[in-house]
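Engineer: Got a predicted model here, sequence first, then my questions.
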Amino acid sequence: SAKKVAALLIPLPPLEEQRRIVSRLDALMTKIAELEAAEDELEALERKFPCDMRDALLQAAIEGKLTGGKREGWRFVRLGDIVAKSIKRGKTPKYVPHSNTLVFAQKCNTKRGDIDLSLALYLDEATIVKYPEEEFMLDGDIVLNSTGRGTLGRVGQYRITDNPQNMPLVPDSHVTIIRPLKNISSEFIYYVLKHYQTYIETLGEGSTNQTELSAKKVAALLIPLPPLEEQHRIVSRLNELLPLCEALEKIT
């Protein structure tokens, strides 16, 4: 009530002292605001640091600076020239409630960076004759989401350990499969494409929600390729260091 407010007992110094106190508080509150802003900026940097570190590691890897090795034997190649099968997207599937064949969709290549086949649906096996043997996904295949804003360009790598039941698996029409030649490290190519992911996202064409990434543009990507032994060294080093970035991400 107004009566209680009016009855409040407060300290009251002389007017000159009131002004000195207000001036001092104004200066202190400005400093506090500056410190809070600095703290917010520091927290943002801490949150961003693992991603920046990951990007820096991938950048160093493709520039030949991660292992200390010489760049002898390095060359630039078109992605489409170093694959075991043509780079292309899968077919539009016909689904059924259950079967013995899974369909790999974009959502299986998750935003958090792993492959989750619990999100896969089942293929109508009456249509399986439309799928040649090479279209079934293999261990080490690189998957590239190829449709839609927010998911287009996302790079993942399928491993047989993602499929404990070892069910046959085919990609749907929104996923591009990249299968490097046997004398090339698929994991090295995966890391290269992971580094180029932001650039790949810009290659989509079409309306905002129906942006499409053509297999032709993917095949035309120019990438650095060191000798196989150096590819293995780079992959080994990245496999040591990138988990540290993931650990930092969890902390921050």
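Structural biologist: That came through, no problem. Numbers count the residues shown, from 1 in each chain.
Engineer: can you give me the strands in this protein?
Structural biologist: Along the chain, counting by DSSP state E, strands occupy 75-78, 88-89, 95-96, 102-104, 121-123, 142-145, 155-157, 169-171, 175-178, 222-225.
Engineer: Give me the residues contacting the fifth one.
Structural biologist: Outside strand 121-123, the residues that touch it by CB atoms under 8 Å, 6 or more residues apart in numbering are 93-99, 101-103, 105, 170. Every C-beta, even on glycine, is put in place using the N, C-alpha and C of the backbone.
Engineer: Kindly report the same for the third one.
Structural biologist: With CB under 8 Å, 6+ apart as the contact definition, strand 95-96 has outside contacts at 103, 121-125.
Engineer: export the residues you listed to TSV and tack on pLDDT?
Structural biologist: Shown next, in TSV, are the contacts of strand 95-96 (pLDDT from 0 to 100):
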residue	pLDDT
103	98
121	96
122	98
123	98
124	97
125	96
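Engineer: now, which of these sits nearest residue 221?
Structural biologist: Ranked by distance to residue 221 (CB to CB), the contacts of strand 95-96 are led by residue 103 at 25.8 Å.
Engineer: How many residues are close by the closest one?
Structural biologist: Residue 103 is surrounded by 22 other residues when neighbours are defined as other CB atoms under 10 Å.
Engineer: Quick one: residues contacting it.
Structural biologist: Applying CB under 8 Å, 6+ apart, one finds that residue 103 lies in contact with 90, 93, 95, 120-123, 169-172.
Engineer: Kindly report the same for residue 90.
Structural biologist: When contacts are counted by CB under 8 Å, 6+ apart, residue 90 is found next to 103-104, 135, 170-175, 177.
Engineer: what two of those residues are the furthest from one another?
Structural biologist: Comparing the members of the contacts of residue 90, the greatest separation, given CB to CB, is between 135 and 174, at 14.7 Å.
Engineer: neighbour-wise, which of the two wins?
Structural biologist: residue 174 (21 against 15).
Engineer: For residue 190, see how far away that one is.
Structural biologist: Taking CB to CB, to the nearest Å as the measure, residue 174 falls 19 Å from residue 190.
Engineer: ok, and the most crowded of the contacts of residue 103?
Structural biologist: The member of the contacts of residue 103 surrounded by the most neighbours (other CB under 10 Å) is residue 171, with 28 neighbours in all.
Engineer: Report whether the expected contact of that residue with residue 179 is present.
Structural biologist: No - with contact taken as CB atoms under 8 Å, residue 171 and residue 179 are classed as non-touching, separated by 11.0 Å.
Engineer: residue ranges of the helices in this protein, please?
Structural biologist: Under the criterion DSSP state H, the chain contains helices at 2-6, 15-62, 186-195, 197-201, 215-219, 228-251.
Engineer: Figure out which of the ones you listed is closest to residue 82.
Structural biologist: helix 186-195 (7.6 Å).
Engineer: need the contact list for the closest residue to residue 206 other than its chain neighbours.
Structural biologist: Nearest non-adjacent residue to residue 206, counting by CB to CB, 6 or more residues apart in numbering: residue 212, 5.0 Å away. Applying CB under 8 Å, 6+ apart, we find residue 212 in contact with 146-147, 152, 204-206.
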